[in-house]
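Colleague: Coordinates for the following, if possible.
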Amino acid sequence: MSIYVGNLSYKVTQEDLETVFADYGTVKRVQLPVDRETGRLRGFGFVEMSSDTEEEAAIDALDGAEWMGRELRVNKARPREENKRPSGGGWGGNGRTEFSRAGRSDRQF
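Modeller: Below you'll find the model as predicted:
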């Protein structure tokens, strides 16, 4: 099981999270996703602990707690959903944009 930790400060480090969660048991792994384009933390992370009992204790104690000026959201992580976007499109949209024979859009942007 993994724990989702949301509403994190953008200044948090893996060591910071490990220290906080270590009060509830042995921390096996901490992940802080980074935005690909900006390199900035995304404001959430994941923590794995040695046992379900330790994870439950951490969730119960830390969900809603204020830390680094933010109210934490801590719960069981849900499995990652594979590609939520519908397949087959390159540009998105609703497929209703029509083009005249001259190649101009009939819609105003």
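
Colleague: could you point out which element follows the lengthiest helix in the chain?
Modeller: Ranked by residue count, the top helix of the chain under DSSP state H comes out as helix 52-62. Downstream of helix 52-62, the first helix or strand assigned by DSSP states H and E is strand 66-67.

Colleague: Pairing partners for that next one, with directions?
Modeller: The strands that strand 66-67 pairs with in its sheet are strand 70-71 (antiparallel) (by DSSP bridges).

Colleague: who does the longest helix of the chain touch, helix- and strand-wise?
Modeller: With contacts defined as 3 or more C-beta pairs under 8 Å, 6 or more residues apart in numbering; DSSP states H and E, helix 52-62 has these neighbours: strand 3-6, helix 14-22, strand 44-49, strand 73-76. Heads up, the C-betas are built off the backbone N, CA and C, glycines and all.

Colleague: Give the other helices and strands that the third one contacts.
Modeller: Translated: strand 44-49. Applying 3+ C-beta pairs under 8 Å, 6+ apart, one finds that strand 44-49 contacts strand 3-6, helix 14-22, strand 27-31, helix 52-62.

Colleague: Output the first one as PDB, nothing but the C-alphas.
Modeller: Output of strand 3-6 as PDB, limited to C-alpha atoms (Å, rounded to 0.1, in the frame of the first residue of the first chain):
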ATOM      1  CA  ILE A   3       0.100   6.800   1.000                       C
ATOM      2  CA  TYR A   4      -0.900   9.900  -1.000                       C
ATOM      3  CA  VAL A   5       0.200  13.200   0.600                       C
ATOM      4  CA  GLY A   6      -1.400  16.200  -1.000                       C
END
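
Colleague: tell me the average confidence for that strand?
Modeller: Mean per-residue pLDDT for strand 3-6: 97.

Colleague: Now tell me what touches it from outside.
Modeller: Contact partners of strand 3-6, identified using C-beta atoms under 8 Å, 6 or more residues apart in numbering, comprise 17, 21, 43-49, 55, 58-59, 62, 72-78.

Colleague: now those: which count as buried?
Modeller: Listed as buried from the contacts of strand 3-6 are 17, 21, 43-45, 47-49, 55, 58-59, 62, 72, 74, 77; burial here means 16 or more other C-beta atoms under 10 Å.

Colleague: Leaving out sequence neighbours, find the closest residue to Leu32.
Modeller: Nearest residue to Leu32, sequence neighbours excluded (C-beta to C-beta, 6 or more residues apart in numbering): Gly45, at 4.4 Å.
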